[in-house]
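S.K.: Dropping a prediction and its sequence here:
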Amino acid sequence: MTTPADGPNHPVGQARRLAAERFPDALSVVLAGSTVAGRATATSDLDLAVLVEDGGATRRETLRFEGRLVELFIHTRAGLDELFAADTASRRGVMQRMYAEGLVLTERDGAGTGLKHRAAAALREGPGALAPATVEDRRYALTDALDDLSDAADPVERLTVAGVVLDVAADLLFDHHRAWKGGGKWLPRRLLQADPDRGAALLDGYRRLCETAAPQPLTAAATDILTLTGGPLREGHARTWPVSHDPSPVPGACTRDDPDAGPA
C-alpha cells in the first residue's frame, strides 16, 4: 500500500508543508529531483527551487525538515537568469531541468508555470557546441588516456585512467549530440539519453574493466567515440597561453592532475 501524496510521511506532502511554513511569500516553489521522478526512497532528500521577490538573496541552503534532508535553491528572477546562464555554459542544465521536470507546489501569477515553460524550451534547444579548439583538446586527452590505459599494469592506475577515459569520451559524445551532460550518478543517465548505443557500450566497458580488469571493451567503445568526433590526435597538437607574472598555474592549462593533461 502506497502512502498518499499529501500524507504525513510522503515527501510531496512534506515539501508542501515546508513551502507553506518557510516560504509563504515566495513567488513560486517547485519540487524537483527523485521525488518527482518516482525514484525517491526513505532517505532521499527534497530538492526545492524557490523564487523570491527582487531584493532577496540568491543562495543554496541545506536543512532538515521533519527528519528529511532538504536542498533549497533560492533565487530572485535576476539570480535565476544568472544560474540559467551558468548552467548553460557548463552544459549541465541543472536549474533548467529542475524547473522543466519539477512539480509546482505554490505560485503567484503563474510564476512557476511560466518558468517551467521557459526551462523546457531551453532544454529542447540544448547547450551550445564546444569550441573547435576545446574539441581538439578533448580528442588529445582521450588519445593520451587510451595510450595510458593500454600501458597500465598497476590495477589502481588502470582504474584511475579508466575513469578519465569514461569522462572525456562521455564529454565528446555529449558535445557530438549537443546533449546536456551530467556528473556523478547523472553521467550514466544523461549518457544513455544522449546516445543509447554508444553510451551503453562505454558504460558497459567501464563496468567490465572494474569487474574483470579487462580494458578491451572500454578501449573499443572509447575509440569508437573518438573516431566519431574526429579521430585520435597526437602529433601536431599545440596550445599556447598568455604569459602571466602570477606563479600559479594558468587557468585552463594542462597539468597531470587535469583530465585534459597531455603526456608527462
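M.R.: Sure, I can see it.
S.K.: Domain map for the protein?
M.R.: Here the domain parsing of the chain from automatic domain parsing is 11-125, 132-228.
S.K.: JSON lines for these, including mean pLDDT, mean neighbour count and distance to Thr240?
M.R.: Any C-beta I mention is one placed from the backbone N, CA and C, and that applies to glycine too. As requested, those are exported to JSON lines (pLDDT from 0 to 100; neighbours: other CB atoms under 10 Å; distance: least, CB to CB, whole Å):
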{"stretch": "domain 11-125", "mean pLDDT": "94", "mean neighbour count": "17", "distance to Thr240": "23"}
{"stretch": "domain 132-228", "mean pLDDT": "97", "mean neighbour count": "18", "distance to Thr240": "11"}
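S.K.: Can you check which of these gets nearest to Gly236?
M.R.: Among the domains of the chain, the nearest to Gly236 by CB to CB is domain 132-228 (9.6 Å).
S.K.: how far out from the middle of the chain is that closest one?
M.R.: 15 Å (CA atoms, centre = their mean, to the nearest Å).
S.K.: What's the end-to-end length of it?
M.R.: End-to-end span of domain 132-228 (CA to CA, to the nearest Å): 15 Å.
S.K.: where along the protein do the helices fall?
M.R.: With DSSP state H as the criterion, the chain has helices at 11-22, 34-37, 77-89, 94-101, 111-125, 132-151, 155-176, 186-194, 196-212, 216-228.
S.K.: now for those, which one comes closest to Arg68?
M.R.: Among these, helix 11-22 comes nearest to Arg68, with 5.8 Å by CB to CB.
S.K.: then that closest one to PDB, C-alphas only?
M.R.: Written as PDB, here are the backbone C-alpha positions of helix 11-22 (Å, rounded to 0.1, in the frame of the first residue of the first chain):
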ATOM      1  CA  PRO A  11       7.900  13.500   0.600                       C
ATOM      2  CA  VAL A  12       5.500  15.600  -1.600                       C
ATOM      3  CA  GLY A  13       3.300  16.300   1.500                       C
ATOM      4  CA  GLN A  14       6.500  17.200   3.500                       C
ATOM      5  CA  ALA A  15       7.600  19.500   0.700                       C
ATOM      6  CA  ARG A  16       4.200  21.300   0.600                       C
ATOM      7  CA  ARG A  17       4.300  21.800   4.400                       C
ATOM      8  CA  LEU A  18       7.800  23.200   4.200                       C
ATOM      9  CA  ALA A  19       6.900  25.600   1.400                       C
ATOM     10  CA  ALA A  20       3.900  26.800   3.400                       C
ATOM     11  CA  GLU A  21       5.800  27.200   6.600                       C
ATOM     12  CA  ARG A  22       9.100  28.600   5.400                       C
END
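S.K.: centroid residue for the protein?
M.R.: Nearest residue to the geometric centre of the chain (CA atoms, centre = their mean): Gly182, 2.5 Å.
S.K.: Any idea which of the domains of the chain gets closest to Arg234?
M.R.: Taking CB to CB, domain 132-228 is the member of the domains of the chain nearest to Arg234, at 5.8 Å.
S.K.: With adjacent residues omitted, what lies nearest to Asp224?
M.R.: Arg198 (6.3 Å; CB to CB, 6 or more residues apart in numbering).
S.K.: correction: Cys210
M.R.: Leu159 (6.6 Å).
S.K.: do Asp47 as well
M.R.: Among residues not flanking Asp47 along the chain, Gly33 sits closest, at 3.6 Å (CB to CB, 6+ apart).
S.K.: repeat for Asp175
M.R.: Leu130 (4.7 Å).
S.K.: Near that neighbour, how many other residues are there?
M.R.: The local packing of Leu130 (other CB atoms under 10 Å) involves 19 other residues.
S.K.: ok, now how distant is it from Phe174?
M.R.: 9 Å (CB to CB, to the nearest Å).
S.K.: try Thr219
M.R.: Distance from Thr219 to Phe174, counting by CB to CB: 20 Å.
S.K.: Over to Ala201?
M.R.: Distance from Ala201 to Phe174, by CB to CB: 15 Å.
S.K.: And Thr106, by the same measure?
M.R.: 34 Å.
S.K.: Check Gly230 too.
M.R.: 15 Å.
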